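Asks: Requesting a structural model of the entry that follows:
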Amino acid sequence: MPKLLLITASSPEIRRVRRARVLNFQQITMPYLASRVSRNWEVVHVDEEAGEIDWRIDVDVVGITFHTPSAYHAYSIAARFRSRGVCVVMGGPHVTLLPEEAGQHADVIFIGEAEGLWEEFLQSFEEGTHLCVYQQTSTPSLENAPQARKELFHRRDYTNGVLFATRGCTNRCDFCTVAVMYRHQLRKRPIAEVAAEYASFDGDVIIFWDDNIAADIAYAKELFRAIAPYRKWWSSQASIHAGRDDEFLEAAALSGCKQLFLGLESVSQQSMAEVHKGFNRVEEYLQIIERIHAHGIAVQAGIVFGFDHDVTGIFEETLDFLEEAGVQNATFNILTPFPGTPLFTRMEAEGRILTRDWRKYNSRDDVIYQPKRMSVEELLGGYRYANERFYSLRSISKRLSRSPVQLWWTLPLNLAYGYQWNRRRSTPPERERRNSSGAGVPTF
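Replies: As a prediction, the model looks like this:
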C-alpha cells in the first residue's frame with residue numbers, strides 16, 4: 001500500500017508571530033485533499049501548528065501546502081525528503097503566486113485549485129507517468145465534494161469543526177491574494193451538502209472558512225435556514241455587505257451566528273479607493289456595526305495599516321472609532337504586498353519593495369515596503385500602539401460596556417489577547433525564536 005504524508009507547513013518564525021493571536025483556527029486544505037485520496041493509500045497529516053514531522057517516516061509521496069512566510073521553511077522540508085528519493089509535491093497560495101520559484105524545490109507543483117488534478121496525479125504516480133506541473137485550465141466544480149477527513153484535524157482551536165460553503169470572491173482588492181488565486185470568481189457548494197457536513201460535526205462551535213460568507217446574499221440566507229435546525233454556534237468572514245441587509249443578519253442570528261469578521265481595513269475612504277475597495281464606505285461603518293450588534297452578533301474588525309494615504313494620525317483615529325463602535329475584537333495587520341498581487345506589482349515598479357525575504361512577509365513583525373507618508377519605524381510603532389491600546393483594560397472596558405454582545409466569551413477572549421500581547425512584547429525576540437523552534441524542525 002503506497003503511503004502519503006501531507007504537511008501543513010508553518011515555520012518557527014510565523015508560529016512565533018501567531019502566538020499572540022490566541023485563536024489559530026484549523027486549516028482545512030489537507031483534510032479536504034485527503035478525502036479525495038483513494039482508499040488504497042495510507043494517509044498521514046502533520047500540521048506544524050500542532051505537531052512535528054517524523055523525519056524517519058517511510059513514505060512514497062510528501063505533499064506540502066504553505067503560505068508565503070513559510071516558503072523557505074517548506075523548501076527545507078522538501079529538500080530533506082527529496083534527498084531520500086521521496087517524491088515531493090507542493091501546492092497552495094505561494095506556489096500559485098510564484099510557480100517558477102516553487103518548481104525549483106519540488107518534483108511536482110500544483111498551480112491553482114487541485115480538485116480533479118490531485119486524483120489524476122495520484123493515479124499517474126502509481127503508474128509511473130505523473131507530470132511535473134499540474135495547472136487548472138477550467139474552474140473545478142464544488143458539487144459532490146467529499147467531506148473533510150475529521151481525524152486529520154489536529155489543532156486545539158476551541159472549535160468543534162471547520163468547513164466551507166463558498167470559495168473565492170468577486171471583489172478586486174489590490175492587496176488580496178484570494179482574488180488572484182480564484183480569478184475573481186465565486187463558487188458555491190450545494191446547500192444540502194454543506195448542511196450535511198455542518199451537522200456531521202460533534203459539538204456546537206463551527207467555523208465557516210469562507211473568504212466571504214456574504215458574497216452571495218441570497219445563497220447565504222438559504223444556507224442559514226438549512227443549518228438553523230442543528231442549533232450550533234458559528235462564525236465566519238464577511239464583507240461589509242453583510243451589515244446592509246437586516247434579513248441576512250436575522251437569518252444568520254437565528255441559525256447560530258455568534259460573530260462575523262468584517263474586513264473594514266481602514267477608516268480612511270481615500271485608502272479604500274486606493275486599493276479598489278471603495279464599496280467599503282467609511283461613513284457607514286458605525287451604523288453597520290450597530291445593526292450587526294442589534295442582532296446579537298459580535299464583530300471582529302479586520303484592520304490594515306500602511307496604505308499610501310495613511311499618516312501617523314491613522315492609528316489613534318482607528319482606535320477612537322473602534323472604541324466608539326464597541327467592537328468586540330480586532331485583528332490588526334501591516335499592509336503586505338504579497339507577490340503576484342496588483343499591489344506588489346505596483347510597488348515593485350515604484351522601487352518600494354524593500355526585501356524579498358519571504359520570512360518577513362508576516363504582516364505583523366516586519367514592514368517589507370517603503371510607506372509613502374510615514375517611516376517604516378513609525379508604521380511598526382503605530383501597529384504596536386494599536387494592539388497595546390485595543391487590548392488594554394481601559395479599552396476593553398470601554399468597548400464591551402458600550403456593546404455587551406456575547407460578553408460571556410468576548411471578555412475572556414479580550415483578556416487572553418491582552419495577556420498574550422503583553423507577554424510577547426516583554427519576551428526578547430532571540431528567546432522567542434529559541435522557544436518556538438521544535439526539535440528536528442529545520443530553521444533559517
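
Asks: Could you tell me whether residue 140 really is in a helix?
Replies: No - under DSSP: H, G, I helix; E, B strand; the rest coil, residue 140 falls outside any helix and is assigned coil.

Asks: can you count the residues close to it?
Replies: Applying other CB atoms under 10 Å, we find 16 residues neighbouring residue 140. Yep, even glycine has a C-beta here, placed from its N, CA and C like the rest.

Asks: What of residue 323?
Replies: Residue 323 has 18 nearby residues by other CB under 10 Å.

Asks: isn't it right next to residue 398, touching?
Replies: Yes - look at residue 323 against residue 398 with CB atoms under 8 Å: they come within range, at 5.1 Å.

Asks: how close does residue 266 sit to residue 327?
Replies: Relative to residue 327, residue 266 is positioned 14 Å away (CB to CB, to the nearest Å).

Asks: tell me, how many neighbours does residue 244 end up with?
Replies: So residue 244, with other CB under 10 Å, has 16 neighbours.

Asks: same thing with the one 10 residues further on?
Replies: Other residues near residue 254 number 13, with proximity taken as other CB under 10 Å.

Asks: What of the one 3 residues further on?
Replies: The burial count assigned to residue 257 is 26, neighbours taken as other CB under 10 Å.

Asks: Contact partners for the closest residue in space to residue 67 that isn't next to it in sequence?
Replies: Distances taken as CB to CB, 6 or more residues apart in numbering put residue 93 closest to residue 67, at 5.4 Å, once the chain neighbours are dropped. For residue 93, the contacting residues are 66, 67, 68, 177, 181, 338, by CB atoms under 8 Å, 6 or more residues apart in numbering.

Asks: In helices, which of these appear?
Replies: 177, 181 (DSSP state H).

Asks: Most neighbours among the contacts of residue 93, which one?
Replies: residue 66 (29 neighbours).

Asks: need the contacts of residue 93 in TSV with distance to residue 367 and pLDDT, can you?
Replies: Listed next are these as TSV, based on distance: CB to CB, whole Å; pLDDT from 0 to 100:
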residue	distance to residue 367	pLDDT
66	22	96
67	18	95
68	15	96
177	18	88
181	24	82
338	14	96
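
Asks: nearest to residue 410, of the contacts of residue 93?
Replies: residue 67 (27.6 Å; CB to CB).

Asks: Could you tell me which ranges of the stretch 51-200 of the chain sit under the pLDDT cut-off?
Replies: Within the stretch 51-200 of the chain, no stretch falls below the threshold (pLDDT under 70).

Asks: And the strands in it?
Replies: With DSSP state E, counting those that start in this stretch as the criterion, the stretch 51-200 of the chain has strands at 61-65, 87-91, 108-111, 133-135, 161-163, 166-168, 186-188.

Asks: looking at those, which is buried most?
Replies: strand 61-65 (a mean of 26; mean count of other CB atoms under 10 Å).

Asks: Taking strand 87-91 as reference, get the angle to it.
Replies: Put simply, strand 61-65 runs at 20 degrees to strand 87-91, going by axes from the mean of the first three to the mean of the last three CA atoms, to 10 degrees.

Asks: list the helices and strands strand 61-65 packs on?
Replies: Counting contacts by 3 or more CB pairs under 8 Å, 6 or more residues apart in numbering; DSSP states H and E, strand 61-65 is packed against strand 3-8, helix 29-34, helix 71-82, strand 87-91.

Asks: And the residue nearest to residue 67, how far from residue 69?
Replies: Taking CB to CB, one finds residue 93 at 11 Å from residue 69.

Asks: to the chain's geometric centre, what's the distance from the longest helix along the chain?
Replies: As assigned by DSSP H, the longest helix anywhere in the chain is helix 407-425. Distance of helix 407-425 from the chain centroid (CA atoms, centre = their mean, to the nearest Å) equals 20 Å.

Asks: if I look at the closest residue in space to residue 245 that isn't next to it in sequence, how far off is residue 166?
Replies: Distances taken as CB to CB, 6+ apart place residue 217 nearest to residue 245, at 5.7 Å, with adjacent residues excluded. From residue 217 across to residue 166, the span is 12 Å (CB to CB).

Asks: And for residue 413?
Replies: On the measure of CB to CB, residue 413 and residue 166 end up 26 Å apart.

Asks: now swap in residue 123 and tell me
Replies: Counting by CB to CB, the gap from residue 123 to residue 166 is 29 Å.

Asks: same question, residue 186
Replies: 6 Å.

Asks: anything in contact with each of the two?
Replies: 212, 215, 216.
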